[in-house]
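Asker: the sequence and its predicted three-dimensional model are supplied below.
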Amino acid sequence: MSNNKHTIDLPLSDNERLKSQSHLLRGTIVDDLSNGLTGGFTGDNFQLIRFHGMYQQDDRDLRAERVGQKLEPLINMMLRCRLPGGIITPAQWLGIDSFAKQNTLYGTLRLTNRQTFQFHGILKPKIKQIHQLLNQLGLDSIATAGDVNRNVLCTPNPVESILHQEAYEWAKKISEHLLPKTHAYAEIWLDKEKIAGSESEPILGNSYLPRKFKTAVVIPPHNDIDLHANDLIFIAVSQHGRLIGFNVLIGGGLSMTFGDKSTWPGLALPLGYICLHDTLAVAQAVVTTQRDWGNRNNRKNAKTRYTLNRIGLTPFRREVETRAKITFEKVKPYTFTARGDRFGWVKGIDNQWHLTLFIENGRLRDSSEHSLKSGMAEIAKIHQGDFRLTANQNIIIAGVSNEQKNLIEKLARQSGLLDDNVTTLRKNAMACVSFPTCPLAMAEAERFLPKFISQLDKIMAKYHLQKDYIVLRITGCPNGCGRAMLAEIGMVGRAIGRYNLYLGGNRIGTRIPRLFKENITDSEILLLLEPMIRDWAMYRNKNEGFGDFIIRNGTIKPVIDPASDFYD
Ligand code: SRM
Ligand code: SF4
């Protein structure tokens, strides 16, 4: 290591080579597109397509069978759209719905927990078509993956419409401001002419960021975007219902690597308060500081929280102040009192109605039981407002008039999108995608959670807790996409049928849970949880969440400062 903590004198990771040699994200993607010998992308292009919003995958359920038949895996692409703040119009919805139905292997749409959607199973000959369709719809998939600033989150609160509109406009501006400036996407996917002269990336740099970077705008008191999963958070400060500035936090993030204590899930730390007009300058200064100081030799320690841990919050803050030419004010008081989505109908201050639908694990498909995907399309055909994807994999039908309310509710009920029998426990649970599409999955998550919740529902009912909930989340590997590291009960996949059990996060998502038991089965987990749930039912204080209760009664020690005590 160099004496200067800002840079590290060790060989760069191979991703740094490929980014710097990519000609601003072009690589030889165009050649691979016309290569009919493989369904995939070769060499560096395998990584470079991520910056364009795609991941190469194959169906892991079919892998062994295809190997047996001496066939290449059925390679296909997952594509993630860019949708700052999660807002999408009914016309756009109808476009993506019909593409998923006609042109993907699975025929589903998957709402993600970062307010956008993914197509799974796009074969190579269809890739250009989807980019061109998105473009016609006014959408794109630029920078939804790779070492860049990802889809920017914004509280999907449609109730306080003016404040939400202002916060949403900032989420969009931040997203645009931090986008890659390369013309590669337009050239490769939209057949646009090469721009004459030299190009550069003034903010992200020609080698892009050391690692992925996530930004969120949130309106207290609802932590409905799970702020601590993000590198950069703008907490709205308002006066008389109008946005006046932001408290800025940095360095949240949830992944870890089993057996590597130099990695840990962490909470974001405060930089200070800024006025609205400094927002873009501060966003840029945080990103460029992380760009220049982040670890480029070890990707496991490359995210902002590790930079902060190595360099310190105060020097980082000073650097941001210098680069943005501002001085942070003291953080203004704020509180978060809730997380998750507010389901059902709510009326906004503009007298419009908004219906939040629970979509289990964000998967929209038609099955023998329900027609969730076509139900959404039927609603899109008549809806005059917009849709808002939430950071909890759900959807809000926003801006419904009094006249249309009954019809929309009828369509939602007919298709199974609205079901009064879903328990609050289920509505507050979350799983990542995991099998069969995720190449990194170690254990089931999305396909397993519904059955597990049914078992836990029985335990909750046994102790008369059917109207109550515990924030339970399952993630198929320690990368942590299902945000189990901000749950009261977090299950992290170890191997098929086996999970690590983490306990003691809180309801509002401001405490990291701690490892309770390693490498156990779901039946063992239920056996461990039942007496804890029974005690919670009997001895909890008024409104005391499960996570807070088991810390108070000594079942688990709280994680106070994850950087230093997560492994204690
Ligand atoms: Fe994630 C990688 C799915 C939110 C941390 N994530 C992946 C990949 C792309 C697997 C891969 O690299 O090949 C998964 C694709 C599965 C599939 O088949 O669709 C995947 N992540 C998801 C989604 C779809 C989960 C979901 O069920 O909603 C979420 C998409 C969000 C989006 O629209 O952009 C998703 N991922 C998250 C979150 C939660 C969040 O951001 O709020 C996290 C933890 C927060 C964080 O970043 O610290 C997360 N995903 C990761 C990581 C670990 C990154 C790290 O810091 O080490 C990886 C692996 C990697 O990047 O190397 C990963
Ligand atoms: Fe895949 Fe792991 Fe993310 Fe789940 S947590 S989607 S298994 S990378």
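Answerer: Alright, I've got the coordinates. It should be emphasised that the depicted structure is a prediction, and the values quoted were computed from it without experimental measurement. Ligands and ions are numbered 1, 2, ... in the order given.

Asker: centre of the chain to the helix or strand of the chain with the lowest mean pLDDT, how far?
Answerer: When the helices and strands of the chain are compared on mean pLDDT, DSSP states H and E, helix 63-68 comes out lowest with a mean of 89. Computed by CA atoms, centre = their mean, to the nearest Å, the chain-centroid distance of helix 63-68 equals 32 Å.

Asker: which SSE is immediately downstream of that helix?
Answerer: strand 76-80 (DSSP states H and E).

Asker: beyond that following strand, next helix or strand please.
Answerer: Defined by DSSP H and E, the subsequent element after strand 76-80 is strand 87-88.

Asker: could you give me the average pLDDT of that following strand?
Answerer: Per-region confidence: strand 87-88 scores 97 on mean pLDDT.

Asker: what's the first helix or strand after that strand?
Answerer: On the C-terminal side of strand 87-88, the closest following helix or strand by DSSP H and E is helix 90-103.

Asker: ligand 1 contacts on the protein?
Answerer: Residues of the chain lying close to ligand 1 by CB under 6 Å from any ligand atom are 55, 57, 78, 80, 112-114, 116, 118, 144, 150-151, 212, 214, 226, 229, 253-255, 303, 362, 393, 432-433, 437-440, 479-483. Backbone N, C-alpha and C define where each C-beta goes, glycine included.

Asker: repeat the analysis, applying 5 Å as the threshold.
Answerer: The interface of the chain toward ligand 1, taken as CB under 5 Å from any ligand atom, is made up of 112-114, 116, 229, 253-255, 303, 432-433, 437-440, 479-481.

Asker: just the buried ones from these, in ChimeraX syntax?
Answerer: Buried residues within those, by 16 or more other CB atoms under 10 Å, are selected in ChimeraX with:
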select :112,113,114,116,229,253,254,255,303,432,433,437,438,479,480,481
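
Asker: near ligand 2, from the residues of the chain next to ligand 1?
Answerer: Residues of the residues of the chain next to ligand 1 in contact with ligand 2 (CB under 5 Å from any ligand atom): 432-433, 438, 440, 479, 481.

Asker: could I get the full set of helices for the stretch 451-568 of the chain?
Answerer: Listed in chain order, the helices found in the stretch 451-568 of the chain under DSSP state H, counting those that start in this stretch are 522-539, 546-552, 562-565.

Asker: can you add distance to residue 506 and mean pLDDT and give these back as TSV?
Answerer: Below are the helices of the stretch 451-568 of the chain laid out as TSV (distance: least, CB to CB, whole Å; pLDDT from 0 to 100):
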stretch	distance to residue 506	mean pLDDT
helix 522-539	13	98
helix 546-552	5	98
helix 562-565	14	95
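
Asker: hey, which of these is tucked in deepest?
Answerer: Comparing the helices of the stretch 451-568 of the chain by mean neighbour count (mean count of other CB atoms under 10 Å), helix 546-552 ranks first with a mean of 22.

Asker: just how off-centre is that helix within its chain?
Answerer: Averaged C-alpha coordinates place helix 546-552 at 26 Å from its chain's average position (CA atoms, centre = their mean).

Asker: and for stretch 118-126?
Answerer: For stretch 118-126, the distance to the chain centre is 21 Å (CA atoms, centre = their mean).

Asker: average pLDDT for that stretch?
Answerer: Computed over stretch 118-126, the average pLDDT equals 97.

Asker: now that stretch - C-alpha only, CSV.
Answerer: Extracted as CSV, the C-alpha positions of stretch 118-126 are listed here (Å, rounded to 0.1, in the frame of the first residue of the first chain):
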residue,chain,number,x,y,z
GLN,A,118,-36.2,-6.7,-16.0
PHE,A,119,-36.9,-8.9,-19.1
HIS,A,120,-35.4,-12.4,-18.6
GLY,A,121,-34.6,-14.6,-21.6
ILE,A,122,-33.9,-12.4,-24.6
LEU,A,123,-32.1,-14.3,-27.4
LYS,A,124,-29.3,-12.6,-29.3
PRO,A,125,-31.4,-11.9,-32.5
LYS,A,126,-33.9,-10.0,-30.4
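
Asker: tell me the buried residues in it?
Answerer: 118-122, 124, 126.

Asker: show residues contacting that stretch.
Answerer: Residues from elsewhere that reach stretch 118-126, judged by CB atoms under 8 Å, 6 or more residues apart in numbering: 33, 39-40, 54, 57, 59, 75-81, 96, 99-100, 103-106, 108-110, 112, 130, 433, 437.

Asker: need the three-state assignment for residue 296.
Answerer: coil (DSSP: H, G, I helix; E, B strand; the rest coil).

Asker: pretty sure it is touching residue 302, no?
Answerer: Yes: judged on CB atoms under 8 Å, residue 296 makes contact with residue 302 at a distance of 6.9 Å.

Asker: so what sits against both of the two?
Answerer: Counting by CB under 8 Å, 6+ apart, the common neighbours of residue 296 and residue 302 are residue 210.

Asker: so what's the residue minimising distance to the centre of the chain closest to, chain neighbours aside?
Answerer: By CA atoms, centre = their mean, the chain has its centre lying nearest to residue 114, at 3.2 Å. Spatially, and ignoring its direct neighbours in sequence, residue 114 is nearest to residue 151 (5.1 Å; CB to CB, 6 or more residues apart in numbering).

Asker: just checking, that neighbour touches residue 144?
Answerer: Yes: between residue 151 and residue 144 a contact is recorded at 5.4 Å, counting by CB under 8 Å.

Asker: these two: which is more packed in?
Answerer: Set side by side, residue 151 and residue 144 show more neighbours around residue 151, with 27 against 24, by other CB atoms under 10 Å.

Asker: does that one sit in a helix, a strand or a coil?
Answerer: Assignment for residue 151 (three-state DSSP): coil.

Asker: wait, what's in contact with it?
Answerer: Residue 151 makes contacts with 80, 82-84, 114-116, 144, 175, as judged by CB under 8 Å, 6+ apart.

Asker: and if we set it to 10 Å?
Answerer: 53, 80-86, 112, 114-116, 141, 143-145, 171, 175, 214-216, 389, 391 (CB atoms under 10 Å, 6 or more residues apart in numbering).

Asker: same check on residue 359?
Answerer: 109-111, 372, 376, 389-390, 392-395, 417.

Asker: helices - which of the residues you listed land there?
Answerer: Of the contacts of residue 359, the ones assigned to helices by DSSP state H are 372, 376.

Asker: could I get the contacts of residue 359 as JSON lines with distance to ligand 2?
Answerer: Rendered in JSON lines, the data for the contacts of residue 359 read as follows (distance: CB to the nearest ligand atom, whole Å):
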{"residue": "109", "distance to ligand 2": "16"}
{"residue": "110", "distance to ligand 2": "11"}
{"residue": "111", "distance to ligand 2": "14"}
{"residue": "372", "distance to ligand 2": "21"}
{"residue": "376", "distance to ligand 2": "23"}
{"residue": "389", "distance to ligand 2": "17"}
{"residue": "390", "distance to ligand 2": "18"}
{"residue": "392", "distance to ligand 2": "15"}
{"residue": "393", "distance to ligand 2": "12"}
{"residue": "394", "distance to ligand 2": "18"}
{"residue": "395", "distance to ligand 2": "20"}
{"residue": "417", "distance to ligand 2": "24"}
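
Asker: can you list the contacts of residue 359 in a markdown table and add neighbour count?
Answerer: As requested, the contacts of residue 359 are arranged in a markdown table below (neighbours: other CB atoms under 10 Å):
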| residue | neighbour count |
| --- | --- |
| 109 | 26 |
| 110 | 23 |
| 111 | 22 |
| 372 | 22 |
| 376 | 26 |
| 389 | 26 |
| 390 | 26 |
| 392 | 24 |
| 393 | 25 |
| 394 | 24 |
| 395 | 27 |
| 417 | 25 |
